[in-house]
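>>> Below is the sequence, then the predicted model.
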Amino acid sequence: MSYLPYAVAAWLFIVGLYGVISSRNLIHLVICVGVIQSSSYVLLLSIGYRAGRVAPIFADIPANTLAVDPIVQALMLTDIVVEVTVIALLLSLAVQIHKRHGTLNPDRLMKVSG
């Protein structure tokens, strides 16, 4: 068992989190959220991989063949759909903020009064 994929997932998460914390542009912030989300892809792939097992497509393989767990693959597809939705929502919010305030810098946005 290799710990390299877990280290890569942790590294991607830390790099993305640093980008979110230090971001001075909303588009950069959205990209860093995507990097954080990609760490979950690497983590799911490393959890679901088993050496010597085949893909869970049971059309042309014998009945006793060991296959990887298809639940992890379904979670991966769900994770991709969620990420695309979140990125689209955040980018549309950034576009609206730029239209109303003329900047993408979070420090220059006016405070909401109410």
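Everything's here; your move. Numbering: from 1, shown residues only.
>>> separation between the nearest residue to residue 42 once chain neighbours are set aside and residue 37?
Closest residue to residue 42 apart from its sequence neighbours, by CB to CB, 6 or more residues apart in numbering: residue 9 at 4.2 Å. Any C-beta I mention is one placed from the backbone N, CA and C, and that applies to glycine too. Between residue 9 and residue 37 the computed distance is 11 Å (CB to CB, to the nearest Å).
>>> Check the offset of the host helix or strand of residue 81 from the chain's centre.
Using DSSP states H and E, residue 81 maps to helix 70-101. Chain-centre distance of helix 70-101: 9 Å, with CA atoms, centre = their mean, to the nearest Å.
>>> Give me the helices and strands touching that helix, please.
helix 26-48 (3 or more CB pairs under 8 Å, 6 or more residues apart in numbering; DSSP states H and E).
>>> just checking, what packs against the helix it packs on?
So helix 26-48, by 3+ CB pairs under 8 Å, 6+ apart, packs with helix 4-22, helix 70-101.
>>> I'd like those helices laid out as JSON lines, including mean pLDDT.
As requested, those are exported to JSON lines (pLDDT from 0 to 100):
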{"stretch": "helix 4-22", "mean pLDDT": "96"}
{"stretch": "helix 70-101", "mean pLDDT": "92"}
